[in-house]
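Chemist: here is my input, please return the structure:
(chains A and B)
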Protein chains: 2
Amino acid sequence: MVYLKVAYNGRGFYGSQIQPNVRTVEGDIIQALNNDGIKITNYKFLSRTDRGVSALSNILKLGTEENLNIKKLTHSLKDIWIYGKTNNEMNLPLTKTYRYYLFDNDYDEDLIAKSLSLFDGHHDFFSFSKYDGAEETKRAIETNYRKKGSIYILEFKGKGFLWQMIRRIVGSIVDYANGNLTDEKILSALSGKSIISTTPFPSEYLLLYDIETKCNMEYDEYVIRILKKRFNDLFADFSARSLLENECFTYMDETEKLINRD
Amino acid sequence: MVYLKVAYNGRGFYGSQIQPNVRTVEGDIIQALNNDGIKITNYKFLSRTDRGVSALSNILKLGTEENLNIKKLTHSLKDIWIYGKTNNEMNLPLTKTYRYYLFDNDYDEDLIAKSLSLFDGHHDFFSFSKYDGAEETKRAIETNYRKKGSIYILEFKGKGFLWQMIRRIVGSIVDYANGNLTDEKILSALSGKSIISTTPFPSEYLLLYDIETKCNMEYDEYVIRILKKRFNDLFADFSARSLLENECFTYMDETEKLINRD
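Modeler: Below you'll find the model as predicted:
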């Protein structure tokens, strides 16, 4: 048994879990191993991510006794980087940390903070997930947030999440901040007394940030350097474009005032 | 004669000026007018922009006596927004303002400021352009900069620019900041005493910010509202993604330190 520490760009995949006829993270890794003559029958990501969701640190459990060369394996992959591995056994389930990057559309911060805190703790998340036949829809999660510039970083920690759960919680928080959802409705749904319908927010701002493995990983310095360069290049690109678009907005806002002055 | 105030997303075009077999801003606008039964033989953008360069405010001079409906015209276009028009005559050439959004790769700000200032004034920009047969390579420009977060906003004002001139000036400024170009070499090239080779920086961070028309425009409120929404959506998207990638970088930086500690 080996555990791999994996980062991937969710935009390229129909999710982490293997499915026929579409590109998945598991599918690409298993294929790359097969191409290398390594047969794997038993594999599973410790956290399943949806189509479009990226991971900075997911853990892939692989049933193999081979001594994998993760640098070489990463070289043969696209949009996936395997930068750590360990043979230590882990006590499952582990605690996962997700972060959602929510743009502040002039929300009242108190309302964001208050509604987020309603989800903290042990609740029935049936209304805040897409039902996939799960026997149990109760989960215990810990919520937190920080604000940086125009972005709320909403953090969710827990040992297990339901399908679309975080994206629907974020949708509900925004509904609450916009006055379209009340404390009573959220609390009643969370207690399982009623069912409400919720809309998931976009997947591209959700990141599987970390999984707490509590064991030493054998890291590959080369893959980490490639990832650092990648993240820095993307940060540079998005930062420059963000400011450019912001100045365009301001220019149009000023232009609009010229009309209203006439 | 009518002057149109035009914004466009440079990523969709091979430049502003019409060319056969490729998509251009002029080409799309003239085609849309033709489709509407309006024949135009005489047209010209007051500032020509390269492939990939966006404009917040370019001015298209059109030889027509028709009373154009710019809202309807914009509706039939993609990646182009016509939000103002006027029949007032203008005294050409007008002053253009370009902004380049440069990510700060840990440059020494003093070196950026100093090298930018070398380009301020009246110089021979032959070495800082791609030669296209222009008879005169001397130009007078005014340079300025501000810094916002990790981004330098480099501003260039002038009545005329040569091909790739701003992108090559930016490339030279970065070369100077990195110690690969000296004051002497820049000044000698700007005086026309020597020729140096320069590399243009990417076009997607260059914006034609404004052209000073000094006359009242008839604005279309509807098109301006569409543009405001577009710029705000892009700002939201890039801001969230910029922060997400930045946190990914920090995570990898911390992970790298775990290795070096062993």
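Chemist: which positions within stretch A:11-18 qualify as buried?
Modeler: Of all the residues in stretch A:11-18, those buried under the rule 16 or more other C-beta atoms under 10 Å in any protein chain shown are A:13, A:14, A:15, A:16, A:18. No exception for glycine: its C-beta is placed from N, CA and C like everyone else's.
Chemist: kindly report the same for stretch A:172-184.
Modeler: Buried residues in stretch A:172-184, counted by 16+ other C-beta under 10 Å: A:172, A:173, A:174, A:175, A:176, A:177, A:181.
Chemist: which one of these sits closest to chain B?
Modeler: Set against chain B, the nearest of the buried residues of stretch A:172-184 by C-beta to the nearest C-beta is residue A:174 (12.5 Å).
Chemist: in a helix, the closest one, correct?
Modeler: Yes - applying DSSP: H, G, I helix; E, B strand; the rest coil, one finds residue A:174 inside a helix.
Chemist: do you know how far it is from residue A:198?
Modeler: 10 Å (C-beta to C-beta, to the nearest Å).
Chemist: same check, this time on residue A:111
Modeler: Between residue A:111 and residue A:198 the computed distance is 17 Å (C-beta to C-beta).
Chemist: what's the answer for residue A:12, then?
Modeler: 27 Å.
Chemist: stretch A:102-114 and chain B in contact?
Modeler: Yes - residues of stretch A:102-114 are located near chain B by C-beta under 8 Å from any C-beta of the partner chain, namely A:102, A:103, A:105.
Chemist: oh sorry, the question was meant for stretch A:206-219
Modeler: Yes - using C-beta under 8 Å from any C-beta, stretch A:206-219 reaches chain B at A:207, A:209, A:210, A:217, A:219.
Chemist: any idea how far that stretch is from the chain center?
Modeler: Distance of stretch A:206-219 from the chain centroid (C-alpha atoms, centre = their mean, to the nearest Å) equals 13 Å.
Chemist: quick check: buried residues in it?
Modeler: Judged by neighbour count (16+ other C-beta under 10 Å), stretch A:206-219 contains these buried residues: A:206, A:207, A:208, A:209, A:210, A:211, A:213, A:217, A:219.
Chemist: compare neighbour counts for residue A:111 and residue A:198 and give me the winner.
Modeler: For residue A:111 versus residue A:198, the count of surrounding residues by other C-beta atoms under 10 Å in any protein chain shown is larger for residue A:198: 23 against 15.
Chemist: quick one: contacts for residue A:19?
Modeler: Counting by C-beta atoms under 8 Å, 6 or more residues apart in numbering or on different chains, residue A:19 makes contact with residue A:27.
Chemist: need the longest strand for chain A.
Modeler: In chain A, with assignment by DSSP state E, the single longest strand is strand A:138-148.
Chemist: okay, domains of chain A per the record?
Modeler: With domains defined by automatic domain parsing, chain A comprises A:2-87, A:96-208.
Chemist: with mean pLDDT added, can I get those domains in CSV?
Modeler: Conversion of the domains of chain A to CSV gives the following (pLDDT from 0 to 100):
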stretch, mean pLDDT
domain A:2-87, 95
domain A:96-208, 97
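Chemist: okay, those in a markdown table with distance to residue B:29 next?
Modeler: Below are the domains of chain A laid out as a markdown table (distance: least, C-beta to C-beta, whole Å):
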| stretch | distance to residue B:29 |
| --- | --- |
| domain A:2-87 | 33 |
| domain A:96-208 | 32 |
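Chemist: and the stretch 51-200 of chain A, which of its residues are near chain B?
Modeler: So far as C-beta under 8 Å from any C-beta goes, the stretch 51-200 of chain A lies against chain B at A:54, A:56-57, A:83-84, A:99, A:101-103, A:105, A:148-151, A:153.
Chemist: which two in these are spaced the farthest apart?
Modeler: Distances among those were taken as C-beta to C-beta; the most separated pair is A:84 and A:105, at 37.3 Å.
Chemist: which of those two has more neighbours?
Modeler: residue A:84 (23 against 11).
Chemist: in a strand, that one, correct?
Modeler: Yes - assessed by three-state DSSP, residue A:84 belongs to a strand.
Chemist: that one contacts residue A:220, doesn't it?
Modeler: Yes - counting by C-beta atoms under 8 Å, residue A:84 does reach residue A:220; the two are 7.1 Å apart.
Chemist: hey, what's in contact with both of the two?
Modeler: By C-beta under 8 Å, 6+ apart, residue A:84 and residue A:220 have these common neighbours: residue A:70.
Chemist: between the buried residues of stretch A:206-219, which is nearest chain B?
Modeler: The closest of the buried residues of stretch A:206-219, once distances to chain B are taken by C-beta to the nearest C-beta, is residue A:219, at 4.9 Å.
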